[in-house]
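Asks: Next come a sequence and a model predicted from it.
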Amino acid sequence: MTTFHIQTETAPVIVSLPALPPMSRKEFLEFCQANELLRIERAATGEVEIMPPAFSDTGNRNFNIAVQLGIWTEQDGTELGFDSSAGFTLPNGAMRSPDASWIKRARWNQLSEDEKASFAPICPDFVVELWSKSDALAQLQAKMQDYIDNGASLAWLIDRQQRQVWQYRPQQRPQSLENPVQVSGDPELPGFQLTMASIW
């Protein structure tokens, strides 16, 4: 059975198509290509999650996160940064598109060119998700743990309304930072500091 979760402004809508089996990886890629204007992810269970475009102010904050991460990544030179349009296939089969992400170049270079040109089968080393009113918070929190369980060494969930940043690391409980001026990526991202003034 194929199940679709369609995220509305307040909650996801689930659409089930009992006659259809879960999509293969190739079929899912084709589905995304045929619906390129939609934000589409897939859970490890095979459920397809369709979300609306980000609200304009959220898009601006996502851009500001990507700019800061991109500048640091260019200076460091040993890793690659990705924006919110990049999709990755995690080891558990989920396909996720974090708002910003970062991968060590040595890991990226182990992928084939065909893998890089698809939803690459790799979990980013670092991910950022920005909570907005169109997102279900509990679903985002579960997604953050999913990143960690599948190989990310650091994940940040940013709650603009509460001015909180939740930090996730393997084998640790999530840590909440209250109204930080900057958030440090050390030791996983040596020297990276996310300045929050343009994010709140």
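Replies: Now that the structure is in, tell me what you want to look at.
Asks: For Glu41, give its distance to Phe55.
Replies: Separation of Glu41 from Phe55 (C-beta to C-beta, to the nearest Å): 18 Å. C-beta: built from backbone N, CA, C; applies to glycine.
Asks: Who has more neighbours out of those two?
Replies: Comparing Glu41 with Phe55 by other C-beta atoms under 10 Å, the one with more neighbours is Glu41, at 20 against 13.
Asks: Which strand residues bridge that one?
Replies: Glu49 (DSSP bridges).
Asks: Look up how far Leu140 lies from it.
Replies: 11 Å.
Asks: Pro91 now?
Replies: Pro91 is 20 Å from Leu140, by C-beta to C-beta.
Asks: what's Met51 sitting at in phi/psi?
Replies: Per-residue torsions, Met51: phi -120, psi 150 (degrees, to the nearest 10).
Asks: pretty sure it contacts Arg39?
Replies: Yes: Met51 lies in contact with Arg39 (C-beta atoms under 8 Å); the separation is 4.4 Å.
Asks: For burial, what's the neighbour tally of the closest residue to Cys32 other than its chain neighbours?
Replies: Take Cys32 and drop its neighbours on the chain: the residue closest to it by C-beta to C-beta, 6 or more residues apart in numbering is Ile40, 5.2 Å away. Using other C-beta under 10 Å, Ile40 has 18 other residues around it.
Asks: got the contact list for Ile40?
Replies: 31-32, 48-51 (C-beta atoms under 8 Å, 6 or more residues apart in numbering).
Asks: Could you report the pLDDT at it?
Replies: We have a pLDDT of 81 for Ile40.
Asks: Could you give the average pLDDT over the longest helix belonging to the chain?
Replies: With DSSP state H setting the assignment, residue counts place helix 56-76 as the longest helix in the chain. The average pLDDT for helix 56-76 rounds to 91.
Asks: Now do the helices in this protein.
Replies: Going by DSSP H, the chain shows helices at 25-34, 56-76, 105-108, 113-116, 137-149.
Asks: So which of the ones you listed is nearest Leu194?
Replies: Leu194 lies closest, by C-beta to C-beta, to one member of the helices of the chain: helix 56-76, at 5.7 Å.
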